[in-house]
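**Student:** Got a predicted structure plus its sequence, pasted below:
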Amino acid sequence: MNKVELGWHSFFEKSWESRWNEEGYVAGRVSLEHKHMYRIQTEAGEMLAEVSGKMRHNAERREDYPAVGDWVVASLREGEQRAVIHGILPRRSKFSRKVAGQVIEEQIVAANVDTVFLVMALNQDFNVRRMERYLVMAWESGANPVIVLSKADLCPNPNELAAEVASVAIGVPIHIISSAENRGLDELRDYMSPGSTVALLGSSGVGKSTLVNRVYGRDILNTGDIRLGDDKGKHTTTHRELILLPDGGILIDTPGMRELQLWNASEGIGTSFQDVEELTEQCFFQDCKHENEPKCAVKAALEQGALAAERFQSYVKLQKELAYLARKEDKGLQAAEKAKWKKIHQSLKSQPHR
């Protein structure tokens, strides 16, 4: 398989030519991330790879390590089907979230993605507020969001629910599908042209793995049956994986996300909530809090029913979350810088005096 079929682009070629165009290096794309190890796809085949000691030493943050979808610079040990990763090419796009828990750190879910399928099931999983959050992250990623409403066979009114989603997804394509009935899948294949990369994102049990199997043409991923009681599928995908489709195109399947916390998503909020932000610009006072101020366009829209209270509350909640993250990250960056210099000083101390 050549690099173009793996998603190679002139964007990566420029970076390669300027820094890495030396004998002994090849470009590879990360298809699977193990603990401290990676599977990469190269023109010489699939390799098991690890990062070089120098790269590990220079890494300051989680984002300095490869993620699924990344293009990396590698040296091969072909006889062993193994490789060493020396660097990461700049990312065209990346879907990131804050890592789960209290740690303030970025987790790159998928890199160099052209289209993001935001998958939500039309059963008890359906949640418009959650889709707003996914849309913010998708717009921030640099990829094009597409909403996929799955399990239409379990829903008596799929078009009504799709209309609810459309009211918060301005300008975003929406597709209603049923993998069980093979319904709506042909429309999704239009996004999977040779060399293009599509990432599937959504909660556990919304049918991402089943969708991959249907598009691929046979069962290559494990799937779970619908659980009785809560109408949800079982959590089956446990890691991110890049899958090369037989007819061209690349899919990245991801585990269901129990929590999707924002990461540097100010532009994504502006795009996802452009209706709210247009109203805020019409307020009489520039620093309007939309509470008791006179001539507040947001309050007027809420009172007239032109803006849903739930949507405005979601906007405020996401803005507060982003502001909190920015304050925490600033402290985290200071700590990381301190740790970096401590590491350098320790390294200098350990060197013999001349």
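**Tutor:** Perfect, I can see it now. In this text, all values refer to a predicted model and were calculated from it rather than measured experimentally.
**Student:** Mind splitting this structure into its structural domains?
**Tutor:** Listed domain ranges for the chain are 10-88, 94-253, 266-343 (source: automatic domain parsing).
**Student:** Check which element follows the helix or strand encompassing residue 72 along the chain.
**Tutor:** Per DSSP states H and E, residue 72 falls inside strand 71-77. Next along the chain after strand 71-77, taking DSSP H and E as the criterion, comes strand 82-88.
**Student:** Show residues contacting that following strand.
**Tutor:** 19-20, 25, 28, 38, 40, 42, 47-52, 54-55, 64, 66, 70-77 (Cβ atoms under 8 Å, 6 or more residues apart in numbering). All C-beta atoms are positioned from the backbone trio N, CA, C, and that covers glycine.
**Student:** Need the residue closest to the centroid of the chain.
**Tutor:** residue 95 (2.7 Å; Cα atoms, centre = their mean).
**Student:** Check the gap between that residue and residue 308 for me.
**Tutor:** As judged by Cβ to Cβ, to the nearest Å, residue 95 and residue 308 stand 27 Å apart.
**Student:** cool, and residue 112?
**Tutor:** Taken as Cβ to Cβ, the span from residue 112 to residue 308 is 36 Å.
**Student:** one step back: would you format the domains of the chain as JSON lines with mean pLDDT and distance to residue 2 included?
**Tutor:** Output for the domains of the chain, formatted as JSON lines (pLDDT from 0 to 100; distance: least, Cβ to Cβ, whole Å):
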{"stretch": "domain 10-88", "mean pLDDT": "91", "distance to residue 2": "6"}
{"stretch": "domain 94-253", "mean pLDDT": "83", "distance to residue 2": "10"}
{"stretch": "domain 266-343", "mean pLDDT": "77", "distance to residue 2": "34"}
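**Student:** Point out the most buried one among those.
**Tutor:** Highest mean neighbour count among these (mean count of other Cβ atoms under 10 Å): domain 94-253, with a mean of 19.
**Student:** and that domain, how far apart are its ends?
**Tutor:** In domain 94-253, first residue to last residue: 14 Å (Cα to Cα, to the nearest Å).
**Student:** what sits against residue 151?
**Tutor:** By Cβ under 8 Å, 6+ apart, the residues touching residue 151 are 121, 122, 123, 178, 179, 180, 206, 207.
**Student:** do that again at 6 Å, thanks
**Tutor:** 121, 122, 123, 207 (Cβ atoms under 6 Å, 6 or more residues apart in numbering).
**Student:** Strands - which of these land there?
**Tutor:** Among the contacts of residue 151, the subset assigned to strands under DSSP state E consists of residue 121.
**Student:** Dump the contacts of residue 151 into a markdown table; add distance to residue 136 as well.
**Tutor:** A markdown table is the format used below for these (distance: Cβ to Cβ, whole Å):
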| residue | distance to residue 136 |
| --- | --- |
| 121 | 20 |
| 122 | 22 |
| 123 | 24 |
| 207 | 23 |
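**Student:** with the contacts of residue 151 in mind, which one is nearest to residue 170?
**Tutor:** The closest of the contacts of residue 151 to residue 170 turns out to be residue 122 (Cβ to Cβ; 20.6 Å).
**Student:** So the closest residue to that closest one other than its chain neighbours versus residue 178, what's the distance?
**Tutor:** Nearest residue to residue 122, sequence neighbours excluded (Cβ to Cβ, 6 or more residues apart in numbering): residue 155, at 3.7 Å. Residue 155 sits at a distance of 9 Å from residue 178 (criterion: Cβ to Cβ).
**Student:** try residue 281
**Tutor:** 41 Å.
**Student:** Surely residue 208 touches residue 200?
**Tutor:** Yes. In terms of Cβ atoms under 6 Å, residue 208 counts as a neighbour of residue 200; the distance is 4.4 Å.
**Student:** Now do the shared contacts for these two.
**Tutor:** 119, 253.
**Student:** Next one, pLDDT for residue 91 please.
**Tutor:** As predicted, residue 91 sits at a pLDDT of 94.
**Student:** how would you label it: helix, strand or coil?
**Tutor:** The three-state assignment at residue 91 reads coil, by DSSP: H, G, I helix; E, B strand; the rest coil.
**Student:** Identify the residues contacting it.
**Tutor:** Residue 91 touches 111, 112, counting by Cβ under 6 Å, 6+ apart.
**Student:** And what about residue 108, helix, strand or coil?
**Tutor:** With three-state DSSP as the criterion, residue 108 reads strand.
**Student:** for residue 48, same thing?
**Tutor:** At residue 48, secondary structure determined by three-state DSSP is strand.
**Student:** With adjacent residues omitted, what lies nearest to residue 46?
**Tutor:** residue 39 (6.2 Å).
**Student:** again, but for residue 158
**Tutor:** residue 152 (4.5 Å).
**Student:** quick one: the one you found and residue 122 touch, right?
**Tutor:** Yes. Counting by Cβ under 6 Å, residue 152 does reach residue 122; the two are 5.5 Å apart.
**Student:** Which residues are in contact with each of these two?
**Tutor:** residue 158.
**Student:** And the strands in this structure?
**Tutor:** Going by DSSP E, the chain shows strands at 26-33, 38-42, 45-51, 71-77, 82-88, 94-98, 106-111, 115-121, 144-150, 174-176, 197-202, 241-244, 250-253.
**Student:** now those as CSV including distance to residue 129?
**Tutor:** Formatted as CSV, the strands of the chain follow (distance: least, Cβ to Cβ, whole Å):
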stretch, distance to residue 129
strand 26-33, 30
strand 38-42, 35
strand 45-51, 38
strand 71-77, 35
strand 82-88, 34
strand 94-98, 16
strand 106-111, 20
strand 115-121, 11
strand 144-150, 14
strand 174-176, 17
strand 197-202, 14
strand 241-244, 29
strand 250-253, 24
